[in-house]
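Colleague: Can you look at this prediction? I've put the sequence above it.
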Amino acid sequence: MKRPYSFTMNFCNSSLLLAVFLLLNMIAFSQDVITVRAGSPGAVINKNIYGHFSEHLGHCIYNGFYVGDTNKTIPNTAGVRNDVIAALRKLKIPLLRWPGGCFADTYHWKDGIGPKDKRPTIVNKWWGGVTEDNSFGTHDFLNMCEELGAEPYLCGNVGSGTVQELADWVQYTTFDGKSPMSDLRRANGREKPWNVKYWGIGNEAWGCGGNMRPEYYADNFRKYVNFMGGNVFRIASGASSSDYQWTETLMKNIPTYLIDGIGMHHYAVIDWDHKSSATNFTEQQYFTTMQRALLMEEYVTKHSAIMDKYDSAKKVALVVDEWGGWYDVEPGTNPGFLFQQNTMRDAMIAGVTLNIFNNHCDRVRMANLAQTINVLQAVILTDKEKIILTPTYHVMEMYNVHQDATLLPVSVKTTDYTLNNEKLPAISASASKDKNGAMHISVVNIDAEKKQDVTINVEGATFKTITGRLLSSPKIQDHNTFDNPEKVKPSSFTGFRYTGNSVSMQLPPASVVVLEVK
Ligand code: AHR
């Protein structure tokens, strides 16, 4: 009688043990492991990787940044919204690109100086065909940058402008001595030059900037920079996504002493003809957007490898001066204004992309999210006197601890995020050490459904305290609205344990965590 019983017990015991063993194995195999090599620091993460972009497009400038200097209903400083200034200062915005984009190659800067009531109008041919009254011009932008504590990055007009026009703009904005352009600046009320170091020589010269071939553009670049003057940082209009031929031709035909940066644009778009709603999307559409965003790793790696062939000293920066998610415009809005909402999907794009830039900071030394307010993957949305900060804003704010910190290389062993037989790495990470010795580790779990058990092993460091911040929300479609502006916002993260130099934590689905390790 006993035997069968004891046999059953044994059988139960062994199946229980087997189940526990399998479970432990599953946990062991499903665990993500991040190794931070704190003893082998890399390059400095240039704060300009956290740059932004403002174009005369839709409501980015007008009714976004600028509400007019006679506006009495929305508090402003020289026409720029005070709430926007405060939010961008908190973000530690380091750099702002202007006036485009495609708009830049239609813009004649002299239209935007002098008395506002005398400025000519133009038609904004790329963005909705609306009348541009030029009330926001060079002084307004550069004064605004000073107010924000951000460096300006001006994009010159190569498509429909002239060499002389760009040379005059450089002289107008940067020359301290006496000259026709600096005298004109003084006559317009600004005695001292501004600090304008970064200059783009046209935008998307292969497309809206002039439909040029790379050889033709390279020759134009050489001519423009020859006459620009000033002690400036010269950025060539770069490739779209995987157009390696463009980068190769520019690097081959422009000597490195004439160029400081070469651009690259990449948007996470599902399909240019079927982009999907910004808020009402399926998990498959989310997955595809993540695939497109993660392509940034391949593009940055391959463009950098081409640049290495001609510039092994890495003197020329790779400047990703447009990036972000691009969806259908919000229903009922002007299709030419590119106004879209911003969800946890965008937070995921921001998190993984910034990790990629951090990890490639030896070559990627500037980037500009498109675009700051009310356009594409915006950090701020406005509606008359109301303002909301988007999930993307919160990621950029959480990540600003990496600005000008030293990269700590990471390797990531990640489980897969699988959907319909396709897979992506669930976890992405980057780490840095700041000037005060604090280490920051940013980790993203893009899996829309599964939590991730993550172990972080830090080699070559000892630490005493860890604090964390988390951005997550129950659904990937979650977003902030003018009626519910704080639905998605960071919270303090305590879901970790640590012993020695090892941290274990569980990341919720579709979440971003930034740890501070001291
Ligand atoms: O960011 C919107 C547009 O996208 C820019 O004007 C252009 O450079 C790009 O094609």
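Modeller: Cool, the structure landed.
Colleague: Next, count neighbours for whichever residue of the stretch 1-150 of the chain sits closest to the ligand.
Modeller: For the stretch 1-150 of the chain, the residue closest to the ligand is residue 101, as judged by Cβ to the nearest ligand atom, at 2.7 Å. For the C-beta atoms, the positions are set from N, CA and C on the backbone; glycine is no exception. Using other Cβ atoms under 10 Å, the number of residues around residue 101 comes to 31.
Colleague: same deal with residue 61?
Modeller: Neighbours of residue 61 under the rule other Cβ under 10 Å: 27.
Colleague: Backbone dihedrals for it, please?
Modeller: Recorded main-chain torsions at residue 61 are phi -80, psi -70, according to degrees, to the nearest 10.
Colleague: if you skip the residues just before and after it, what's nearest to it?
Modeller: Nearest residue to residue 61, sequence neighbours excluded (Cβ to Cβ, 6 or more residues apart in numbering): residue 136, at 5.2 Å.
Colleague: Wait, a strand at that neighbour?
Modeller: No: counting by DSSP: H, G, I helix; E, B strand; the rest coil, residue 136 is not found in a strand; it is coil.
Colleague: tell me the contacts of it?
Modeller: By Cβ atoms under 8 Å, 6 or more residues apart in numbering, the contact list for residue 136 reads 56, 61, 62, 65, 66, 79, 112.
Colleague: Need those residues in a markdown table (columns: pLDDT, distance to residue 296 and secondary structure).
Modeller: Formatted as a markdown table, the contacts of residue 136 follow (pLDDT from 0 to 100; distance: Cβ to Cβ, whole Å; DSSP: H, G, I helix; E, B strand; the rest coil):
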| residue | pLDDT | distance to residue 296 | secondary structure |
| --- | --- | --- | --- |
| 56 | 98 | 26 | coil |
| 61 | 98 | 27 | coil |
| 62 | 98 | 31 | strand |
| 65 | 98 | 27 | coil |
| 66 | 98 | 31 | strand |
| 79 | 98 | 35 | coil |
| 112 | 98 | 33 | helix |
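Colleague: Tell me the buried residues within those residues.
Modeller: 56, 61, 62, 65, 66, 79, 112 (16 or more other Cβ atoms under 10 Å).
Colleague: circling back: can you narrow the contacts of residue 136 down to the ones near the ligand?
Modeller: Residues of the contacts of residue 136 in contact with the ligand (Cβ under 6 Å from any ligand atom): none.
Colleague: do you know how far the residue nearest to residue 61 is from residue 194?
Modeller: Using Cβ to Cβ, to the nearest Å, residue 136 is found at 15 Å from residue 194.
Colleague: State whether the residue of the stretch 1-150 of the chain closest to the ligand and residue 57 are indeed in contact, as I suppose.
Modeller: Yes: with contact defined as Cβ atoms under 8 Å, residue 101 reaches residue 57; the gap is 6.4 Å.
Colleague: tell me, what's touching the two both at once?
Modeller: With Cβ under 8 Å, 6+ apart, residue 101 and residue 57 have common neighbours 126, 371.
Colleague: And the contacts of stretch 58-66?
Modeller: For stretch 58-66, the external contacting residues (Cβ under 8 Å, 6+ apart) are 54-56, 79-81, 84, 99, 127-128, 135-136, 140, 144, 334, 336-339, 371-375, 378, 380, 382.
Colleague: And that stretch, how far out from the chain middle?
Modeller: 19 Å (Cα atoms, centre = their mean, to the nearest Å).
Colleague: What is the end-to-end distance of that stretch?
Modeller: Start to finish, the residues bounding stretch 58-66 are 12 Å apart (Cα to Cα, to the nearest Å).
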